[in-house]
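J.: Need coordinates for the following:
(chains A and B)
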There are 2 protein chains.
Amino acid sequence: MSELRRDPLFQRWVVVTDQRWDDLRASLRSPWAGPPELCPFCPGNESHTPPEVFAVREPGSPPNAPGWLVRAVPNKFPFMRIEGELQRSGEGIYDRVSGTGAHEIVIETPSHDDDWGALPARHVAAVLLAYRQRSLDLRQDSRFRHIVVARNAPARSLQMPHPHSHIIALPVISRRVEDEIRGLQEYYRRKERCPVCDMVRQELADSRRIVRETDGFLAVSPFASRFPLETWVVPKTHRHDFGALEDGGLQELGDLLRDLMDRIAHVVPQTEYSLVLHSSPLYPALNPQYHWHLDIRVRLPVGGGFEWGTGFFVNPIAPEEAARLLREAI
Amino acid sequence: MSELRRDPLFQRWVVVTDQRWDDLRASLRSPWAGPPELCPFCPGNESHTPPEVFAVREPGSPPNAPGWLVRAVPNKFPFMRIEGELQRSGEGIYDRVSGTGAHEIVIETPSHDDDWGALPARHVAAVLLAYRQRSLDLRQDSRFRHIVVARNAPARSLQMPHPHSHIIALPVISRRVEDEIRGLQEYYRRKERCPVCDMVRQELADSRRIVRETDGFLAVSPFASRFPLETWVVPKTHRHDFGALEDGGLQELGDLLRDLMDRIAHVVPQTEYSLVLHSSPLYPALNPQYHWHLDIRVRLPVGGGFEWGTGFFVNPIAPEEAARLLREAI
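T.: Next up, the predicted model:
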């Protein structure tokens, strides 16, 4: 059973599970490499996952059977469990919360091998629809304070190669989000404005760090990018809640993300990247000061202990250069 | 030329250098792989580095010539430069500081291939002596607010395979250290005690997370470890300044670190790890509330975008189990 533990100095929460060391080492050495016909995420094997909680499927096709384009299911091996009451406890200077949460998987395509680069943009929009619908459903549960959506790609580099994303609902708020909220509040107090809106205005006026602009969204290389080719996607007008994004917005965002993946693949073929969706925390209520955004980290083997240990990132590529590379990639 | 940039939302500083993309990609593909006789860190090649600023050497041997055991030199390819005045500037919502700092390399051994595991403990103590002496010297420079020491090992996995550490003096304080100081201050305000001292007392009383104890130091798996086998080494009594550690303490710490490396290598042969030394920031003055410590991160291919993007770490191995593994390794 997992639990959340808080560091008394940094006041950051960590999810600690109780995997056995030998099992962990074995899983490190041997990612899942069965034939696609045994893949639990492939069509025909729907019974190998818990029953679906959402799907985009052909009209009339029954749940938990082929005919789907995108399918969301509870994770069979979650690191947080949805059952049971949330329990908080202390142990001397330490704090614990039971590992109560939700951990769902969005199976992004029936195809075992196709990453987003191979999907039409409207298919990416269907994945985003799953993010939205599951976020809206999970937030009904009052035990949860924050919902995070993350994907790592290409899936071939992962233990489970069939393309998928994680949706995780947590009973606590991460240190990073606490820092972000504190930064927001300080900015609002001084200026009565949203710092992300200010960023959008300044980037549009400056243009050197713009990767791409659409009617509703801006893709930029952030001024203080931590990683080469780090990219943020933000709505150009203030929106705190990804859950309120309309279908037209999902389609526009799907187009944009699909295009960004092509650009990244042109600059760094075969690269791994991570994508994380940040929307307002749920507790004590949705925060209208928040400005939702997506960030994309291209994973290059740069950096090391210095970044990890100190919180200082060293980015060898200036964001202006990164934006130029991505802008001119296609 | 590099510069420091601050993110307006997270208020974290990032070092941005202006490497060319093609050069970065080339360096990713081809780590330095020349023969040892061309290695700038090997004895006989002292003229290939900037002149040494510290060395532990045979009595009577001249500087910048063979005869050394440990040698500290300015980095020939620093990401911060020591020359020039510190310059601060703004650009709309963004903040910049010139990349003014120090970046030195501690060449840890004359041997091109030996990691700490192959060195006698007194040799590791000589490396720690270099950390101490260079920290004491660099802090005389009033432009610097924080000094960080970090090493990644084994060096064979790095671009420069000869074992070495980095000592970096920075004109700003990282977000992580700001968080740590804020956590300290809140704890002191409520309890009038140091949280790390409280941790030491509780861990000694509990004993499940102790990896090893010596007269002066405790090595523990932290209650809220972010990574499997994460290990902290702390002085058992309150000390804010690594620079004040006496020679006997360096020797004791060298013994302990040497022993921990053996334990880690027994549990995960051939693993990579990072070691970071955290001592009090220098600005506005040394902070007597601080409790210096070392942390060791064993690098296993676990985790991914979730940790990076959200600030939530998922640690599959309970710290009590990690401590047991390391305790019983030898």
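
J.: And A:Met1, how far from chain B?
T.: A:Met1 sits 10 Å away from chain B, going by CB to the nearest CB, to the nearest Å. Where you see a C-beta, it was placed from the backbone N, CA and C, and this is true even at glycine.

J.: now A:Asp262
T.: Taking CB to the nearest CB, one finds A:Asp262 at 18 Å from chain B.

J.: Which helix or strand contains that residue?
T.: helix A:247-267 (DSSP states H and E).

J.: Run through who's touching that helix.
T.: The contact list for helix A:247-267 (CB atoms under 8 Å, 6 or more residues apart in numbering or on different chains) reads A:115-117, A:119-129, A:132, A:211-212, A:214-217, A:219, A:229, A:231, A:233, A:235, A:245, A:271, A:273, A:275, A:294, A:296, A:298, A:325-327, A:329-330, B:21.

J.: residues contacting the residue of chain A most remote from its centre?
T.: No residue in chain A has its C-alpha farther from the mean C-alpha position than A:Gly92, which lies at 34.2 Å (CA atoms, centre = their mean). Each residue near A:Gly92 by CB under 8 Å, 6+ apart is listed here: B:198, B:202, B:206.

J.: now the angle from whichever helix or strand comes after the helix holding A:Asp262 to helix A:247-267?
T.: Using DSSP H and E, the helix or strand that follows helix A:247-267 in sequence is strand A:272-278. On the basis of axes from the mean of the first three to the mean of the last three CA atoms, to 10 degrees, strand A:272-278 is oriented at 150 degrees to helix A:247-267.

J.: touching chain B at all, strand A:272-278?
T.: Yes - against chain B, strand A:272-278 shows contacts by CB under 8 Å from any CB of the partner chain at A:274-276, A:278.

J.: Show me what that strand is packed against.
T.: With contacts defined as 3 or more CB pairs under 8 Å, 6 or more residues apart in numbering or on different chains; DSSP states H and E, strand A:272-278 has these neighbours: strand A:146-153, strand A:293-299, helix B:305-310.

J.: ok, back up a step: now the contacts of A:Gly92: which count as buried?
T.: Among these, the ones that count as buried by 16 or more other CB atoms under 10 Å in any protein chain shown are B:198, B:202.

J.: Same list, the contacts of A:Gly92, but as a markdown table with distance to chain A and pLDDT please.
T.: Listed next are the contacts of A:Gly92 as a markdown table, based on distance: CB to the nearest CB, whole Å; pLDDT from 0 to 100:
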| residue | distance to chain A | pLDDT |
| --- | --- | --- |
| B:Asp198 | 5 | 98 |
| B:Gln202 | 5 | 98 |
| B:Asp206 | 8 | 97 |
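
J.: Mind checking which of the contacts of A:Gly92 are in helices?
T.: Among the contacts of A:Gly92, DSSP state H puts B:198, B:202, B:206 in helices.

J.: Which residues are in contact with the first one?
T.: When the contact criterion is CB under 8 Å, 6+ apart, the partners of B:Asp198 are A:8, A:92-93, B:191.

J.: low pLDDT regions in the stretch 201-330 of chain A?
T.: For the stretch 201-330 of chain A, residues meeting the criterion pLDDT under 70 lie at A:302-306, A:308-309.

J.: and it, which residues reach chain B?
T.: A:202, A:206, A:222-226, A:228, A:267-268, A:274-276, A:278, A:295, A:297, A:300-302, A:304-306, A:308-319, A:321, A:325.

J.: Give me the pLDDT for A:Glu37.
T.: A:Glu37 is assigned a predicted lDDT (pLDDT) of 77.

J.: Against A:Ala265, how distant is it?
T.: Here the criterion is CB to CB, to the nearest Å. By it, A:Glu37 lies 28 Å from A:Ala265.

J.: Ok, A:Asn64 next?
T.: Distance of A:Asn64 to A:Ala265, given as CB to CB: 33 Å.

J.: Among those two, which residue is more densely surrounded?
T.: Neighbours were counted for A:Asn64 and for A:Ala265 using other CB atoms under 10 Å in any protein chain shown; A:Ala265 has more, 19 against 15.

J.: In contact with A:Glu230, which residues?
T.: Counting by CB under 8 Å, 6+ apart, A:Glu230 touches A:221-222, A:295-298, A:315, A:319, A:322.

J.: Recalculate using a threshold of 7 Å.
T.: Shown in contact with A:Glu230 (CB atoms under 7 Å, 6 or more residues apart in numbering or on different chains): A:221-222, A:295-297.

J.: Make JSON lines out of those residues and add neighbour count.
T.: Shown next, in JSON lines, are the contacts of A:Glu230 (neighbours: other CB atoms under 10 Å in any protein chain shown):
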{"residue": "A:Ser221", "neighbour count": "27"}
{"residue": "A:Pro222", "neighbour count": "27"}
{"residue": "A:Asp295", "neighbour count": "21"}
{"residue": "A:Ile296", "neighbour count": "24"}
{"residue": "A:Arg297", "neighbour count": "21"}
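
J.: Just the closest of those to B:Ile181, please.
T.: Using CB to CB, A:Pro222 comes nearest to B:Ile181 of the contacts of A:Glu230, at 25.1 Å.

J.: The closest one: helix or strand, and which one exactly?
T.: For A:Pro222, there is no enclosing helix or strand under DSSP H and E.

J.: Tell me how chain A divides into domains.
T.: As assigned by automatic domain parsing, chain A contains the domains A:3-170, A:182-327.

J.: Could you tell me how far the longest one lies from the centre of the chain?
T.: In terms of CA atoms, centre = their mean, to the nearest Å, the gap separating the centre of domain A:3-170 from the centre of its chain is 11 Å.

J.: And that domain, end to end?
T.: 11 Å (CA to CA, to the nearest Å).

J.: With the shortest one instead?
T.: As for domain A:182-327, its first-to-last residue distance stands at 33 Å under the measure CA to CA.

J.: distance between that domain and the chain's centre?
T.: Mean-position distance between domain A:182-327 and its chain equals 12 Å (CA atoms, centre = their mean).
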